[in-house]
Every structure is written in structure tokens, then in C-alpha cells.
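K.L.:
dropping the sequence and predicted coords here.
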Amino acid sequence: MATQNVLFFGASRGCGFYAMLHVLRSGGRATLLLRNPDTLTSNPEFQALSSEQRERATLVRGDAYVHEDVARVVDAAGPGMDTVVFSLGVRPASLPKLTWSRGFILDPPQPCARAMVMLLSVLQELNRPNLRLVIISSMGIGEKHKELPWLLKGFYGWLLYDAHADKDALEYISLRASQHPTPARVPEAQSMPDSAAALRSDWLPELVVLRPAFYTDGKETGTVRAAPVVKGAYTISRRDVGRFVAEECLEPNDKWVGEDGVVIAY
């Protein structure tokens with residue numbers, strides 16, 4: 001991993017943050033787009049890195065929904081950047097509205113799908129096709145809802161319905177841009193940004209779709225179950241997701257590249 005040069009979206013905290021720490025500790029380079037870099041630099045775990053490790057982190061202040069900012073961070077990552085890790089998401093504590101019909105409603109809508117459309121459009125314009133894209137989605141998305149343990153089906157199908165519809169669109173948009181097969185089932189129209197229609201298809205050579213179980217803030221164990229389908233998948237810590245990304249999803253590891261994706265859980 002010492003030669004890794006990774007661009008991170010959504011790594012100010014959570015899974016992306018822990019993946020970034022692993023990349024830096026292993027000698028790699030990380031470039032991050034952050035609305036507020038102080039959120040990352042004030043984190044004790046980032047401060048605990050050596051000065052040499054922190055120097056290999058390039059922090060770019062910007063917004064994942066602003067074209068100029070996304071183009072700027074791609075440029076800052078340099079021509080040697082080989083992987084993009086996309087872990088943008090919405091924490092339950094920040095979900096603003098609970099409804100009886102659709103659980104928590106995302107406001108503004110389509111956060112992951114809109115950010116992915118922006119990222120892919122910039123990568124196309126800047127002619128950066130030879131990349132691996134790693135997206136952190138969720139288990140139980142779309143047709144895979146039937147694979148959830150029955151105790152989680154109601155929780156995911158109602159309380160997180162809107163968030164999962166957004167992840168469904170994220171997966172579809174990413175797979176359509178990739179050279180891997182695109183699902184025949186199209187996500188519901190209200191979860192797909194209108195701007196997605198303008199994106200090219202079948203140009204991105206490598207995509208990893210990571211579908212973690214329900215997040216916890218537990219310790220890193222280093223021991224997880226990983227497969228396209230994991231029976232009895234309930235929880236996974238954000239730290240173990242970050243470690244899995246760094247150790248299993250970045251080049252030269254090709255095990256999880258493709259349309260099947262991978263579920264990880266304890």
C-alpha cells in the first residue's frame with residue numbers, strides 16, 4: 001500500500017476517516033475535500049499521526065456539490081492519483097424530519113447521488129478514466145433488501161427508506177459509469193438527480209461497491225466476514241470498515257472489483 005495515492009470524499013469522520021488513517025500510516029498519500037478542515041485536523045487520532053504522515057495528507061477546503069471545488073481537489077491529488085474513495089453519507093442524528101410514510105426524510109434530497117454525479121462529471125471532463133472508484137454504500141439496498149436479517153428489514157425499509165433510496169441511486173449511477181454490468185432495475189425517479197442523464201456510461205474500468213452492515217462506534221477488531229451475501233449480517237464498526245477499505249479495496253487487491261459488491265459484517 002506504500003504507493004497508494006487516494007482521493008477521499010467524505011473522510012472528515014467515520015469510515016472514510018479511518019481508511020485515510022490506514023493509508024497514511026502505510027506510507028500512502030491522501031487528498032481530501034473538506035467543508036471544514038478543522039474537523040479533521042482537530043481529531044485526536046489525526047493529531048496522533050507522525051508529522052511525516054500528516055504531511056502526506058493534502059486537505060482542500062470545498063464542497064462536494066460545487067464543480068470548481070471538485071475539480072480543484074482532483075487537480076490537487078495529482079496525476080498519480082489511482083483511487084477515489086467515496087464515503088459521503090448522512091448520520092441519523094442529522095436527519096431532520098421523521099415521517100410515518102418514509103421514515104427520516106433527507107433535506108436537501110439525494111446527497112450521495114448528487115455528489116457522485118458531480119464527481120463523475122468532473123472526472124470525465126478532466127479525462128481521468130484510469131481510476132478505481134470505491135463507494136461505501138449499505139447492505140440491504142434495492143433488490144438486496146431481501147437478504148437482510150428479518151429484525152432489520154422493517155428498520156431499513158421504513159426508518160432509513162429515504163437514505164437507502166439515495167444509496168440505491170448512488171450504486172446505479174456508479175455502475176452505469178463503470179464497465180461492469182448495470183442493474184436492470186432503475187431506482188425510483190425521485191432519488192435520481194436530473195443531471196445524471198448527461199453522464200457517460202461504460203468508461204470507468206474498476207468499481208468496488210462496499211455494503212457494510214449497521215454501523216457502530218466500536219473498536220477495530222480486524223476480523224470481519226466479507227462476501228457478496230453475508231447471512232446474519234447485523235453490525236460492523238466504522239473503524240473496521242475503514243481498515244477493510246484500506247486493506248481489501250485499494251489496488252493492487254482486485255478481489256472485490258465488479259458489480260457483485262461485498263457485504264462486510266461481524
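P.N.:
Great, that's in hand. Numbering: from 1, shown residues only.
K.L.:
list of residues touching stretch 165-173?
P.N.:
The contact list for stretch 165-173, computed with Cβ atoms under 8 Å, 6 or more residues apart in numbering, reads 106, 109-113, 116-117, 120, 135, 137-138, 141-142, 182-183, 186-188, 190-193, 196, 199, 209, 261. Every C-beta, even on glycine, is put in place using the N, C-alpha and C of the backbone.
K.L.:
cool, stretch 230-237 as well?
P.N.:
Here stretch 230-237 makes contact (Cβ under 8 Å, 6+ apart) with 139, 148-149, 151-152, 212-221, 224-225, 263-266.
K.L.:
and the buried ones among these, selectable in PyMOL?
P.N.:
Selecting the buried subset of those in PyMOL, with 16 or more other Cβ atoms under 10 Å as the burial test, is done by:
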select buried, resi 139+148+149+152+212+213+214+215+224+263+264+265+266
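K.L.:
out of the contacts of stretch 230-237, list just those in helices.
P.N.:
Members of the contacts of stretch 230-237 lying in helices (criterion: DSSP state H): 151-152.
K.L.:
still on that earlier bit, keep only those of the contacts of stretch 165-173 that are in strands.
P.N.:
Counting by DSSP state E, these place 135, 209 in strands.
K.L.:
low-confidence ranges, the stretch 1-150 of the chain, go.
P.N.:
1-2, 90-96, 98, 100-101 (pLDDT under 70).
K.L.:
in the protein, which spans are helices?
P.N.:
Secondary structure of the chain by DSSP H: the helices cover 14-25, 37-41, 44-47, 51-55, 67-77, 111-125, 150-154, 161-177, 238-244.
K.L.:
so which of the ones you listed comes closest to N5?
P.N.:
helix 67-77 (6.7 Å; Cβ to Cβ).
K.L.:
helices or strands up against the closest one?
P.N.:
Under the contact criterion of 3 or more Cβ pairs under 8 Å, 6 or more residues apart in numbering; DSSP states H and E, helix 67-77 touches strand 5-9, strand 29-34, strand 57-61, helix 111-125.
K.L.:
rewinding a little: make TSV out of the helices of the chain and add distance to T31.
P.N.:
What follows is these, written out as TSV (distance: least, Cβ to Cβ, whole Å):
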stretch	distance to T31
helix 14-25	10
helix 37-41	12
helix 44-47	15
helix 51-55	13
helix 67-77	4
helix 111-125	13
helix 150-154	35
helix 161-177	20
helix 238-244	17
